[in-house]
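>>> the sequence isn't on hand, but the structure is:
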C-alpha cells in the first residue's frame, strides 16, 4: 500500500471512531465521576487526561496538551494531585465511560458480539502502537495502563491510545512548522472548520494574546491582511501539509491491521459513533 493510501486509511478509521473517545470530555457522567472524588470544573479535564502519565507537573501538561493557556493548566495542576491520585482519576474516567456507553448505547449493545469484535480489532491496532511510543509522551502514558476487561471499555481505551498517538505526532509537526500552541489554534480557526472564538475561549486565551498571535502570523505570511481571519494561499498549503503528514505519521497501526479489518472496524463502530456525535452536537 502506498504512503498516500496508508494515510487515507488512518484518517478514515480515526475519524469514524473518534466520537467514541471524544464524548468523555462532554458527557455528564465524567463531571459526576470526577466530582465524586473531589475534582470539579476544568480541573477534571486536565487531571483525567494527564493521569495516565502520573502526577506530572503543570509544565508537562502544558507541553503535552500544547494549545491551552498555561494559566488554565496552573490553576488545575498540580493541585489536582493533592485532591485525587492519578490512579483514582483513571478509575473515575473508566467509570464515566462505562456509564456513558450504557446510557447512550444501551446494555444490549454494550454486551453484544459486535462490541466484542470491535474491541478485539481496536485493541489489535493499539497493541501495534505500544511498540512505537518514542517521542509520544501522552500516548506512552495511556499504553502503560492495564487493559480493562469489558469489551466496550477496551474499545474506548484503544481509541484513546490511538487518539493520543495521532495527537503527539501532530504536535511534533506543528513545532517543526514553528507554530506555538496559540499559533496552531489561530491557524486552525482561520481554516473555518471550527469557529475561532470557540477555540480561543475553550483554551483560555485572552483577547490581547490572541490578537498578538494574529499579528505575528500575518507578518510571517500565514494569515491574509484584513479584518477577516483567513489563511493565505501559502498558509493554507502549510496547514494541509501538516494534516497530510499527521495522517502519514499515524498510519502504522492501521497498515498493520490491514484495509479489510479496518473497514470491518469502521462498519461496526459507525452506528455507535453517530449516536455519540449526535449527542455532542446537541
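Yep, it's here. All of these numbers come straight from a predicted model, not from anything done at the bench. Numbering: from 1, shown residues only.

>>> show me the contacts for residue 272.
When contacts are counted by C-beta atoms under 8 Å, 6 or more residues apart in numbering, residue 272 touches 20, 105, 109. Quick note: C-beta positions are derived from backbone N, CA and C, even for glycine.

>>> ok, now with 10 Å
16-17, 19-20, 101, 104-105, 109-110, 114-115, 118, 152, 155 (C-beta atoms under 10 Å, 6 or more residues apart in numbering).

>>> any idea of the mean pLDDT in stretch 110-120?
What stretch 110-120 shows for mean pLDDT is 98.

>>> oh, that last question was meant for stretch 227-238, not what I typed.
Mean pLDDT, stretch 227-238: 96.

>>> and if you look at stretch 189-196?
Averaged across stretch 189-196, pLDDT comes to 91.

>>> and residue 277, what is it in contact with?
18-20, 22-23.

>>> from the residues you listed, which land in helices?
Among the contacts of residue 277, the members found in helices (DSSP state H) are 18-20, 22.

>>> picking up where we left off before, got JSON lines for the contacts of residue 277, with pLDDT, neighbour count and distance to residue 131 too?
Output for the contacts of residue 277, formatted as JSON lines (pLDDT from 0 to 100; neighbours: other C-beta atoms under 10 Å; distance: C-beta to C-beta, whole Å):
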{"residue": "18", "pLDDT": "96", "neighbour count": "18", "distance to residue 131": "23"}
{"residue": "19", "pLDDT": "96", "neighbour count": "21", "distance to residue 131": "27"}
{"residue": "20", "pLDDT": "96", "neighbour count": "27", "distance to residue 131": "23"}
{"residue": "22", "pLDDT": "95", "neighbour count": "17", "distance to residue 131": "25"}
{"residue": "23", "pLDDT": "96", "neighbour count": "23", "distance to residue 131": "28"}
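
>>> so which of these is the closest to residue 88?
Taking C-beta to C-beta as the measure, residue 88 lies nearest residue 23 of the contacts of residue 277, at 21.3 Å.

>>> quick check: what element follows the strand or helix carrying residue 186 along the chain?
Secondary structure assignment for residue 186, by DSSP states H and E: helix 181-190. For helix 181-190, the succeeding helix or strand toward the C-terminus, using DSSP H and E, is helix 196-202.

>>> which stretches of the stretch 151-282 of the chain have low pLDDT?
Within the stretch 151-282 of the chain, no range satisfies pLDDT under 70.

>>> look up how far residue 39 lies from residue 95.
Separation of residue 95 from residue 39 (C-beta to C-beta, to the nearest Å) stands at 13 Å.

>>> repeat for residue 6
Counting by C-beta to C-beta, the gap from residue 6 to residue 39 is 39 Å.

>>> tell me which of the two has more neighbours.
residue 39 (24 against 18; other C-beta atoms under 10 Å).

>>> tell me the contacts of the more buried one?
Contact analysis of residue 39 by C-beta under 10 Å, 6+ apart lists 31, 33, 45-48, 76, 79-80, 83-84, 88-89, 92.

>>> same check, this time on residue 241
Counted by C-beta under 10 Å, 6+ apart, residue 241 has contacts 173, 177.

>>> pretty sure it is in a helix, no?
Yes: according to DSSP: H, G, I helix; E, B strand; the rest coil, the state of residue 241 is that of a helix.

>>> spit out the contact partners of residue 54.
With C-beta under 10 Å, 6+ apart, residue 54 has these contacts: 60, 81, 85-87, 141, 144.

>>> let me know the secondary structure of residue 226.
coil.

>>> doesn't residue 218 make contact with it?
Yes: counting by C-beta atoms under 10 Å, residue 218 is a contact partner of residue 226 at 9.1 Å.

>>> so how far is residue 47 from residue 76?
Distance of residue 76 to residue 47, computed by C-beta to C-beta: 6 Å.
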